[in-house]
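Quick one, structure for this:
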Amino acid sequence: MAYAGCIRTTGDIIGLMHSDDFFAAPHTLSRVAKLMENLNIDGVYGDLDYVSENDTSHIVRKWHSGPYSRKKLKQGWMPPHPTLYLRREIFDEWGLYDTSFQIAADYDAMLRYIVKGGIRLAYLDEVMVKMRVGGESNASLKKIIKKSSEDYRAIRRNGVGGIGTLAFKTCQK
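Residues are numbered from 1 along each chain as shown. Model (predicted):
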């Protein structure tokens, strides 16, 4: 993959978490850093546990993402965004979140980085983040419909698939 004027370094690595998410273990970031020492890797992601809003020891659902493949994207797969860590160069080259997406900006950005950017991801086979259930995208039926509409726009915009991809993505959750 060509990096338009980017110099590959072991420098800045960026990850985004929600304000009430937390790391599953104290070693999570050191494991990410170790994998990112490989300059052939653009990013790292792993697994996520959804936990109860009021009792974070209670796991509501496990999100075992598994290794990436292009085929999985067409089946609605995506890495759990709170577990995704990317080199700064990816954001510099492929842009930040598109704010025309009110709910699915993270999904659109990940598809852009993975599909259009052709980034190389390493899978860390462990739970990296605990995420409390709830959130803006599931707050009401109106928000669920808006999220699905934005997901579909991101899927089409990034050449991942169509309505079948959206259906798979929705069913997986």
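
Which secondary structure elements does the longest strand belonging to the chain sit against?
Counting by DSSP state E, the longest strand found in the chain is strand 121-132. Applying 3 or more C-beta pairs under 8 Å, 6 or more residues apart in numbering; DSSP states H and E, one finds that strand 121-132 contacts strand 22-23, helix 28-36, strand 43-51. Every residue, glycine included, has its C-beta placed from N, CA and C.

Select, out of these, the one closest to Pro67.
strand 43-51 (10.0 Å; C-beta to C-beta).

Counting neighbours, which bits of the following helix or strand past the closest one end up buried?
Sequence-wise, the next helix or strand downstream of strand 43-51 (DSSP states H and E) is strand 59-63. For strand 59-63, the neighbour count (16 or more other C-beta atoms under 10 Å) marks Trp63 as buried.

partner strands of strand 59-63, parallel or antiparallel?
strand 43-51 (antiparallel) (DSSP bridges).

Tell me how far Ile144 lies from Leu48.
Taking C-beta to C-beta, to the nearest Å as the measure, Ile144 falls 20 Å from Leu48.

These two: who's more crowded?
Set Ile144 next to Leu48 and count neighbours by other C-beta atoms under 10 Å: Leu48 wins out with 23 against 14.

The more buried one and Pro82 touch, don't they?
Yes: using C-beta atoms under 8 Å, Leu48 makes contact with Pro82 at a distance of 6.4 Å.
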